Each structure stands twice: as structure tokens, then as C-alpha cells.
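S.K.: A structural model of the following input is requested.
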Amino acid sequence: MASVVVVDDDPIGREYVVTLLGYRGHRVIEAGDGTEALRAVREARPDLVIADVLMPAMDGLEFVRQLRAEAATASIPVVLYTAMHHQDEARALAKACGVAHVIAKPAEPETILSVVDAALAGAAAAAGDDTGWNQERATAATPHASLDAPSEPPAPPLISAAQLEDFSREHLQLLTNELAHKVRALEAMNERERAARAEAEAALRVRDEFLSIAAHELKTPLTTLLGFAQICLRQLDRHGTLDPDRARHAFEVVGAQARRLNRLVLRLLDVSRIQAGMLQIERAETNLTLLVEEVARLAQVVAPKHEL
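M.R.: Numbering: from 1, shown residues only. As a prediction, this is how the structure comes out:
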């Protein structure tokens, strides 16, 4: 099997590719950026390099340019594996550096492995060795995953001073465009976060106002219940019995207030279900007159607080 250097500053993304190559039996060397990868390539002379583009210290395109500038490493095939949004510009610069294969993140395992097979087969064919990687594996790469995917990698270009200047300018422009895209994405994310925070704060205010109203509404029937209970107890202490008419009236009031308390508790439970996303809405006929009167009565409770 082949030796492959995998370069990516994202440990999770790097582990994904390393695991795939391990299943295929390749020997893998990991690097976290272009500078580290250059040292690894100079020491190991791998059969293939798979590199991300956007990395700290030295990005993938600059890594490839420096790789091509050294005679000992110039012919090592490179596959770029990147999530850049400006794919056309990245592919053009990759082609200028002699990179035949560009995979767009995220990619399926089959896509990555087929492109790796194609790159290794092309390198073997260019070296006159067709024993390890045959042409059938080379043609297995998916068309959308590689950059015109030739059967053999192009010879490393001889870069003149003018071409180097053009590369540096286009490279800088590509990174600037990608940075601008990231900034816009972060601004949009911040805006969504601010909107979500404002919505959450508004929901908390509504909840607090509701709880304040509920507390007031709970206090009223409780006070009535306690008052009638004390009246009945005093009458029993004084007379040893309850007047039937007064007792009936007291029990009717107690029953009405108990039902009122039950409704309030059910509303509080509804609020809890709404917050948990578990509220089930049931359709039923409603007396709009009573509903409006109830709302008006509740509004009177909070109106002085808000100077309404």
C-alpha cells in the first residue's frame, strides 16, 4: 500500500480521512498545517499528499507551491480537500500548481477513496509502474470530485517570476474573498443570535407578567376560602352548630373559589407545557363575552403597573 500525508488543521476532518485511508491499508502521516506538512514530506517522501486549503501558518495552496519549488518533492501528487466557497478560483490556482484533483468538503467515503486511487494510479503510470494501482481504479474517481482528473498528473510547472507574482496576487485575492465570506457568515450568525436572544427575553417578560397575574389571581380565591373557613369555625365555637342558610352560602362560595383555583392551576400547567413544547391544542366552543370580560379583568390588574 501507499504512504500518504494528510494535512488539515481540523482534527475531526483529518481523522475522518485518516480512518478511510487506514481501512484501505495505507500508511498515513498526519500534519496540522502547511509548515508541518512540508517537514513531513521532506522526511517521508510520501506517495501522495491530501491537503486542506484554509489552514493557519501556511495554507494548502502555498504549501503546494513550495512543494513544487523543491526538486525532491516537486513530483509528489497532491489532492486538495477543501470546503472553500470560491471553488472556481481555488481550482484554477490548484491547476496552476499542478494539482489534478480537488475534492469539495464534505465528500462521501467512496468519493475520497476513488480520487485517492486515481491520484496514486496516475503517479504510478507516470513512473512506469503499473503493478500497484491499475487503470481500472484510476477511472473509478467520480467526475465532480476531481479537477478534470487526467489519468496522469501534469508535470510540475516551471514558475517564472511573472507567474509567481500572478499566483501571489490571485492567492491573496482568493484568501481575501474567503475571509470576507466568513465575516459575512459570522455577521449573519450574530444577527440570528441577537434576534433569538431578543425573542427569548420577550418570552421571559411575558412569562413573568403571566406569573405575576397568576399570583394575584391565586391570592384572591385563597383569601376568600380562608375567610369563609374562619367564619364557619367561629360560628361553631360560639354556637356549636352552623346556620343552614349561612352554611350553604359559605359552601357555595368555597366551591366557586375552588373551581376558580383549579382553572388557574390548569393555566399554569399549560404555560409549563408550552415551555416544554408539549402543549396539545383542543378545539372547543367558547363564550366570547365571558372571554372578553376575563381578559379585561386581568388587564385591570396590570394596567396600573404599566400606567395604562
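
S.K.: looking at the chain, which helix or strand is least sure?
M.R.: None of the helices or strands of the chain scores lower by mean pLDDT, DSSP states H and E than helix 135-138, at a mean of 40.

S.K.: Quick check: which element contains the residue nearest the centre of the chain?
M.R.: Closest to where the C-alpha atoms of the chain average out (C-alpha atoms, centre = their mean) is residue 189, at 10.5 Å. Element membership of residue 189 [criterion: DSSP states H and E] is helix 161-239.

S.K.: Go through the helix or strand just after that helix and flag the buried ones.
M.R.: Under the assignment DSSP H and E, the closest C-terminal helix or strand after helix 161-239 is helix 244-276. If you call a residue buried by 16 or more other C-beta atoms under 10 Å, then helix 244-276 has these buried ones: 250, 254, 257, 260, 261, 264. The way it works is simple: take the backbone N, C-alpha and C, and place the C-beta from them, glycine included.

S.K.: Just give me the closest of the residues you listed to residue 210.
M.R.: residue 264 (10.9 Å; C-beta to C-beta).

S.K.: That closest one touches residue 217, doesn't it?
M.R.: Yes - counting by C-beta atoms under 8 Å, residue 264 touches residue 217, with 5.4 Å between them.

S.K.: What segments of the stretch 1-150 of the chain are strands?
M.R.: Using DSSP state E, counting those that start in this stretch, the strands of the stretch 1-150 of the chain run over 3-7, 27-31, 48-51, 78-82, 101-104.

S.K.: from what I can see residue 31 touches residue 40, true?
M.R.: Yes - the pair residue 31 / residue 40 is scored as a contact, 5.1 Å apart, by C-beta under 8 Å.

S.K.: any shared contact partners between those two?
M.R.: The contact sets of residue 31 and residue 40 overlap at residue 5 (C-beta atoms under 8 Å, 6 or more residues apart in numbering).

S.K.: So between those two, which is more surrounded?
M.R.: residue 31 (22 against 18; other C-beta atoms under 10 Å).

S.K.: Skipping its backbone neighbours, what lies nearest that one in space?
M.R.: Of all residues not flanking residue 31 in the chain, residue 37 sits nearest, at 3.8 Å (C-beta to C-beta, 6 or more residues apart in numbering).

S.K.: hang on, the one you found packs against residue 49?
M.R.: Yes - if you go by C-beta under 8 Å, residue 37 and residue 49 touch, sitting 6.9 Å apart.

S.K.: intersection of neighbour lists for those two?
M.R.: In contact with both residue 37 and residue 49: 5, 7, using C-beta under 8 Å, 6+ apart.
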